[in-house]
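Asker: Based on what follows, work out the 3D shape:
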Amino acid sequence: MVKITFQPVSVQKPEKEADEDKIIVPQAHEHLVFPAQSKKPFPIGLCCLIIGLVVFISGLVLSSVFFYRYYFIPQQMPEDSLFHCRVVYEDSVYASLRNRQEMEENVGIFFDDNYEQISVPVPHFGGSDPADIIHDFQRGLTAYHDISLDKCYITELNTSLVMPPRNLWELLINVKRGTYLPQTYIIHEEMVVTGRVRNMRQLGPFIHKLCYGKETFRLRRRNQRRRIERRETKSCHSIRHFENTFVVETVICNRY
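Answerer: Numbers count the residues shown, from 1 in each chain. The predicted structure is shown next:
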């Protein structure tokens, strides 16, 4: 006798499809596992390049400011710091020839750098040389460039004769509306050459620019008790200029 058995047919396929639509939420004790991400290397080369560019641009800006300040600004002065002066004064030496003397000069005042620049053209009368003058209050120096001789002379700034930039500016502003300044007088100062200047860098950028490429000498003031003798006058020359309420005649002699 043969026994025939049948396997029960399990109809669970639809349940499996239903299970596929379910969202399984992990339990608290289960850990989420995320796919590992690869770390990118720090861009050291890019940072070095950026730092180099910053240093280069900073150096370029500083050098531009330096050249603009010391070379471009002196040539582009604002109108309220540039004056053309015509001075009327009395001179006892020429009093017998004419009643009064006149002189002209251009004055530039620089407040930021604390110095004055004066340009004296060829005078209408004899006995004085045209010159460019710088009074550097920051370094306490005065430089005379005698244009006729093409030589520079350096001496200590005489603050009793030269007005500071702010005071001189106020004086010139007060008379700017008129062409002539009030009638004034002249005083004399005598200078003697003491030696040659070798190191021009110590004179500062403004005097260095004025005297560069020229023979430059140091001056000291002569004792006022000793006047210039006639035999010395041949080796002396004078520069008349204005930077106060009076005119100054600076006499420079090459010998004692």
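
Asker: how about the strands in the chain?
Answerer: Assigned by DSSP state E, the strands in the chain fall at 82-90, 101-110, 115-120, 131-136, 141-146, 151-156, 184-196, 215-221, 236-242, 247-253.

Asker: so what's D146 up against?
Answerer: By CB atoms under 8 Å, 6 or more residues apart in numbering, the contact list for D146 reads 129-131, 152-153, 237, 239, 252. (C-beta placed from N, C-alpha, C; glycine too.)

Asker: for H124, that is, sorry about that
Answerer: Counting by CB under 8 Å, 6+ apart, H124 touches E102.

Asker: if I look at it, how far off is E190?
Answerer: According to CB to CB, to the nearest Å, H124 and E190 sit 24 Å apart.

Asker: Report the helix or strand with the lowest average pLDDT across this structure.
Answerer: helix 13-20 (a mean of 51; mean pLDDT, DSSP states H and E).

Asker: follow-up on the earlier one: and the contacts of D146, which are buried?
Answerer: If you count burial by 16 or more other CB atoms under 10 Å, the buried members of those come out as 129, 131, 152-153, 237, 239, 252.

Asker: before we move on, the earlier item: tell me the one of the contacts of D146 nearest L172?
Answerer: A131 (19.0 Å; CB to CB).

Asker: Check the residue nearest to E189 when sequence neighbours are not counted and give its pLDDT.
Answerer: Residue nearest to E189 in three dimensions, not counting chain neighbours: T250, with 5.5 Å by CB to CB, 6 or more residues apart in numbering. Per-residue confidence (pLDDT) for T250: 95.

Asker: List the contacts of T250.
Answerer: The contact partners of T250, by CB under 8 Å, 6+ apart, come to 144, 189, 191, 238-241.

Asker: any idea how far E215 is from it?
Answerer: To E215, T250 is 18 Å away according to CB to CB.

Asker: Can you tell me how far the closest residue in space to E156 that isn't next to it in sequence is from R218?
Answerer: Excluding its sequence neighbours, the residue lying closest to E156 (CB to CB, 6+ apart) is G140, at 6.2 Å. Between G140 and R218 the distance, using CB to CB, works out to 14 Å.

Asker: Of those two, give the one with the bigger neighbour count.
Answerer: Using other CB atoms under 10 Å as the criterion, G140 and R218 rank with R218 on top: 15 against 11.

Asker: Quick check: that one vs R198, distance?
Answerer: 10 Å.

Asker: Quick one: low-confidence residue ranges for this protein.
Answerer: Within the chain, the stretches with pLDDT under 70 are 1-42, 66-80, 93-99, 125-126, 178-180, 224-234, 255-256.

Asker: report the longest helix in it, please.
Answerer: helix 44-67 (DSSP state H).

Asker: buried set for it?
Answerer: Within helix 44-67, judged by 16+ other CB under 10 Å, no residue is buried.

Asker: Could you export it as PDB, CA atoms only?
Answerer: The C-alpha coordinates for helix 44-67 follow below in PDB (Å, rounded to 0.1, in the frame of the first residue of the first chain):
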ATOM      1  CA  ILE A  44      48.900  74.400   2.800                       C
ATOM      2  CA  GLY A  45      50.100  75.600  -0.600                       C
ATOM      3  CA  LEU A  46      47.100  77.800  -1.100                       C
ATOM      4  CA  CYS A  47      47.500  79.400   2.300                       C
ATOM      5  CA  CYS A  48      51.200  80.200   1.600                       C
ATOM      6  CA  LEU A  49      50.200  81.700  -1.700                       C
ATOM      7  CA  ILE A  50      47.600  83.900  -0.100                       C
ATOM      8  CA  ILE A  51      50.100  85.100   2.600                       C
ATOM      9  CA  GLY A  52      52.700  85.900   0.000                       C
ATOM     10  CA  LEU A  53      50.200  87.900  -2.000                       C
ATOM     11  CA  VAL A  54      49.200  89.900   1.200                       C
ATOM     12  CA  VAL A  55      52.800  90.600   2.000                       C
ATOM     13  CA  PHE A  56      53.500  91.700  -1.600                       C
ATOM     14  CA  ILE A  57      50.500  94.000  -1.800                       C
ATOM     15  CA  SER A  58      51.300  95.500   1.600                       C
ATOM     16  CA  GLY A  59      54.800  96.300   0.500                       C
ATOM     17  CA  LEU A  60      53.500  97.800  -2.700                       C
ATOM     18  CA  VAL A  61      51.100 100.000  -0.900                       C
ATOM     19  CA  LEU A  62      53.700 101.200   1.600                       C
ATOM     20  CA  SER A  63      56.200 102.000  -1.200                       C
ATOM     21  CA  SER A  64      53.500 103.900  -3.100                       C
ATOM     22  CA  VAL A  65      52.600 105.900  -0.100                       C
ATOM     23  CA  PHE A  66      56.300 106.800   0.500                       C
ATOM     24  CA  PHE A  67      56.900 107.900  -3.100                       C
END
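
Asker: Sounds good, over and out.
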